[in-house]
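> Sequence and predicted model, in that order:
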2 protein chains.
Amino acid sequence: MNKSPFKASISQIAEQIQPFHVMKILGEAKALEAAGKKIIHMEIGEPDFPSLPCVHEAATQAAALGLTHYTPTLGLPALRDKLSHFYQSFYHADVAADNIMITPGSSSALHLVLTAILNPGDKVLLSDPAYPCNRQFVKLLQGQLIGVPVGHDTQYQLNNELLKTHWQPGIKAVMVASPANPTGTIIEQAELLAMANFLAEKNSYLIVDEIYQGLVYERPAESILAHKNLPDNVIVINSFSKFFSMTGWRLGWCIAPDVLMPVLERLGQNLFLAAPTPSQHGALRVLEADALADLEQRRQTFESRRNTLYHSMREAGFRLNTLPQGAFYLYWDVSEFTDNAENFCSDLLQATGVAITPGRDFGDYQANQHVRLAYTTTQTELTLAVRKIAEFVKTYQAPENS
Amino acid sequence: MNKSPFKASISQIAEQIQPFHVMKILGEAKALEAAGKKIIHMEIGEPDFPSLPCVHEAATQAAALGLTHYTPTLGLPALRDKLSHFYQSFYHADVAADNIMITPGSSSALHLVLTAILNPGDKVLLSDPAYPCNRQFVKLLQGQLIGVPVGHDTQYQLNNELLKTHWQPGIKAVMVASPANPTGTIIEQAELLAMANFLAEKNSYLIVDEIYQGLVYERPAESILAHKNLPDNVIVINSFSKFFSMTGWRLGWCIAPDVLMPVLERLGQNLFLAAPTPSQHGALRVLEADALADLEQRRQTFESRRNTLYHSMREAGFRLNTLPQGAFYLYWDVSEFTDNAENFCSDLLQATGVAITPGRDFGDYQANQHVRLAYTTTQTELTLAVRKIAEFVKTYQAPENS
């Protein structure tokens, strides 16, 4: 395009939206890889497993039958029904198909739900650290963020006491994730129920991100929706990406009270029209018993990896406060080595080829003294990575003025 | 969920978002169909053809190779490259891959682009009638809508003269579509270029929706991007849904000036992360010569249908002002029969089983005297539909007070 008098302008809100800092690490890692260096990837929040073969077989079978048109905005009725049954069998939770909306990924579900409830200036309370996009969604909707610093004393999670301490008028919603990204920690169900009840009295929503549910270790998978006396301020977000290993298919869902369903449908009609049809047919298949059995094996693999990573780090003498109970992340306090986690990650990568994520992506609180390790690679690689990190920190000195 | 003290609240903006009125017609049509009545579907803006078999074959082949992970937010590099070549061969347009962003459908591209440029209170000028979601996106971002009434005297399109007449300070962007939904009319390239230049001087963006490009009749497919001296205020939206028959795969793209690309990438990272991976592999395949030849045959089919519908309506004595030049819509002025197009559509459906869309979905201007007919069904059905409509209007009297 040619020179013209036009001076491009960018919206103030878009200017405020932060990129993922992990992308810088990923870019450096790829450059090193291209230059021939061996990289151990522990920076990306994505299972290394591809989706199960039955998923793309089902998607292509449906397409061969001509099922490639738009589905209804709320999703394929058969998939909403099947998810309803899945909640019954997997979580012992009564969830009506009518309260389930299929979305193009959980990103879309989070954005949709917040758009449905937030007015400009409304406050949203969430933990610091937390999933990065949540803060950006609130900014996009001109909400006010209330970040509550959480550390290892509360397993890096909010609880009812913290809610009460930090309560202030104007909080329209509280967002939690269990298991959480970046920490892998969970909130116990009794605590979640207490939080939901407290917020119901305050006329505030509780948005529970359960996208890592299913990926929990030494404990059963649990949904807040299993509570029989749940107040109707609870919205649940979930996804076929993590437990179901279907990241690239971009499919998620949300479960919302009756009153929100027509609002979510109207917003969805405009914002995305419908979730991808082949993905929805794939998801129908992944909810079958044999596929779920395969996914249970993958869960066990993640559990073994977690144990390998955690225990080999302990053996290497690293200070670890919290054994993650789910997801595939370990949030590591590196304050004994650096007060600049971003430089630490970059230096570690250059020196050893081990790629991990600086805390800064997840918030402000102690962000410079934390890093996230994703155990989305083999146990052999994880063991090797820990050995390399142990070697690296022996002599690590953060460069001055960097 | 149980009774609780919680009183649900819905955001003011979400309350203002309108549903598609066609959904009411679609619901009535499905109810009649379920009761055994034969329905001729001309209400939905979707090709009746499924996607080409090579699309799902390519998607499943990629998946079998394990390619089911997230792609980069801007899209598969190979697909962006291939689209760049497609612009060269199909449109004789120089479009760098770096300026192409792959999105989950064009809905997402439109929302993303407007989010990138609009501040609250900014004005967006568009034609009335126009694609319904555009108005909703502007509302969601708290922009101000300036709807310019257009009728058959300008082929239901904006032009540079109308832009100048309706110009006022604070217009951040003008949105046009060529060919347009609901009218199927186009804006000539010289006119579009004049509009782009006028807007560049005013520091305003021109957003050109080309999602029906390719589906044009008795004329070549044309993109505004083929102009060699295009100012850099032009943003193009496109989609694999219409010409490429890939609706359910939810894949679109936008082409934007350099300065917007990092902004769009940051927004995309948060709002959708990446477009569906299997869909992107399918799209790589649909851009091959043999697939494009199949799509050209489908285009010819749509052209024959347009001719059949238009000429049989003329023969039936209906007043038609404008021969649509593209897409698969005919916008019909029914003021000789009714001053309430919504009732007219509903009554027509009940009496004849022919489902069409009331003008109200597309704006306010003369909305009650227009309906949209989609020629997304066979010529036999189209001929039958016209016969039924002709029979219906002979005795049609709009019910009073309805």
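Looks like it arrived, so ask away.

> any idea how far the residue of the stretch 301-402 of chain A found nearest chain B lies from B:Met42?
The minimum distance from the stretch 301-402 of chain A to chain B, using CB to the nearest CB, falls at A:Thr376 (10.3 Å). Where C-beta positions appear, they are placed from N, C-alpha and C, glycine not excepted. A:Thr376 sits 49 Å away from B:Met42, going by CB to CB, to the nearest Å.

> rewinding a little: any idea how many residues pack against the nearest residue to the residue of the stretch 301-402 of chain A closest to chain B once chain neighbours are set aside?
Setting aside the residues directly before and after it, A:Thr376 is nearest to A:Asp48 in space (CB to CB, 6 or more residues apart in numbering or on different chains), at 4.7 Å. For A:Asp48, the count of nearby residues is 19 (other CB atoms under 10 Å in any protein chain shown).

> Can you check the pLDDT for A:Lys139?
Listed pLDDT for A:Lys139 reads 95.

> ok, it - contacts?
A:Lys139 makes contact with A:Ile13, A:Gln16, A:Ile17, A:Leu145, according to CB atoms under 8 Å, 6 or more residues apart in numbering or on different chains.

> Enumerate every residue touching the third one.
A:Ile17 makes contacts with A:Gln136, A:Lys139, A:Leu140, B:Val263, B:Arg266, B:Leu267, B:Asn270, as judged by CB under 8 Å, 6+ apart.

> give me that answer again for 6 Å
Residues in contact with A:Ile17, defined by CB atoms under 6 Å, 6 or more residues apart in numbering or on different chains, are A:Gln136, B:Arg266, B:Leu267.

> can you check the last one too?
Contact partners of A:Leu145, counting by CB under 6 Å, 6+ apart, are A:Arg135, A:Val138.

> tell me which element it falls in.
Assigned by DSSP states H and E, A:Leu145 belongs to strand A:144-149.

> Could you tell me which residues of the stretch 251-400 of chain A lie near chain B?
The stretch 251-400 of chain A comes close to chain B at residues A:Pro257, A:Val259, A:Val263, A:Arg266, A:Leu267, A:Gln269, A:Asn270, A:Leu271, A:Phe272, A:Leu273, A:Pro276, A:Thr277, as judged by CB under 6 Å from any CB of the partner chain.

> Could I have the buried ones of those residues as PyMOL selection syntax?
Buried residues among those (16 or more other CB atoms under 10 Å in any protein chain shown), as a PyMOL selection:
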select buried, chain A and resi 257+263+266+267+269+270+271+272+273+276+277
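
> ok, back up a step: partner strands of the strand holding A:Leu145, with direction?
Each strand paired with strand A:144-149, and its direction, by DSSP bridges: strand A:123-128 (parallel).

> quick one, domains of chain A?
Taking automatic domain parsing as the criterion, chain A consists of the domains A:15-50+A:291-391, A:53-288.

> Could you say which of these is packed most deeply?
Each of the domains of chain A was scored by mean neighbour count; the highest is domain A:53-288, a mean of 21, by mean count of other CB atoms under 10 Å in any protein chain shown.

> where do the strands sit along the stretch 101-250 of chain A?
A:123-128, A:144-149, A:171-177, A:205-209, A:234-239 (DSSP state E, counting those that start in this stretch).

> Using CSV, write out the CA atom coordinates for stretch A:220-237.
Extracted in CSV, the C-alpha atoms of stretch A:220-237 (Å, rounded to 0.1, in the frame of the first residue of the first chain):
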residue,chain,number,x,y,z
PRO,A,220,-11.2,-37.4,41.7
ALA,A,221,-12.2,-34.8,39.1
GLU,A,222,-14.8,-32.5,40.6
SER,A,223,-17.0,-29.8,39.2
ILE,A,224,-18.6,-27.1,41.3
LEU,A,225,-21.9,-28.0,39.5
ALA,A,226,-22.1,-31.2,41.5
HIS,A,227,-23.3,-29.3,44.6
LYS,A,228,-27.0,-29.8,45.1
ASN,A,229,-27.7,-26.4,46.7
LEU,A,230,-25.6,-24.3,44.4
PRO,A,231,-26.8,-20.7,44.1
ASP,A,232,-27.6,-19.5,40.6
ASN,A,233,-24.8,-17.0,40.3
VAL,A,234,-22.3,-19.7,39.2
ILE,A,235,-21.0,-19.8,35.6
VAL,A,236,-18.6,-22.6,34.6
ILE,A,237,-16.1,-22.4,31.7
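
> Residues contacting that stretch, please?
Contacts of stretch A:220-237 with the rest of the structure, by CB under 6 Å, 6+ apart, involve A:91-93, A:95, A:106, A:109-110, A:113, A:189, A:192-193, A:196-197, A:199-200, A:205-210, A:213-214, A:254-257, B:1-2, B:4, B:6.

> what is the rounded mean pLDDT of that stretch?
Here stretch A:220-237 scores 97 as its mean pLDDT.

> Figure out the helix or strand that A:Trp332 lives in.
Counting by DSSP H and E, A:Trp332 is found in strand A:329-333.

> Number of residues surrounding A:Ala289?
Per other CB under 10 Å, the neighbour tally for A:Ala289 reads 7.

> before we move on, the earlier item: quick check: pLDDT value at the residue nearest to A:Thr376.
Reported pLDDT at A:Asp48 in the predicted model: 94.

> picking that back up, tell me which of the residues of the stretch 251-400 of chain A next to chain B fall in helices.
Under the assignment DSSP state H, those contribute A:Val263, A:Arg266, A:Leu267, A:Gln269, A:Asn270, A:Leu271, A:Thr277 to helices.

> State the distance from the first one to B:Gly121.
With distances defined as CB to CB, the gap from A:Val263 to B:Gly121 amounts to 24 Å.

> With secondary structure and pLDDT as extra columns, can I get the contacts of A:Lys139 in TSV?
Listed next are those as TSV, based on DSSP: H, G, I helix; E, B strand; the rest coil; pLDDT from 0 to 100:
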residue	secondary structure	pLDDT
A:Ile13	helix	93
A:Gln16	helix	93
A:Ile17	coil	92
A:Leu145	strand	97
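
> if we take the residues you listed, which one ends up nearest to chain B?
Closest to chain B, out of all of the contacts of A:Lys139 and judged by CB to the nearest CB, is A:Ile17, at 4.9 Å.
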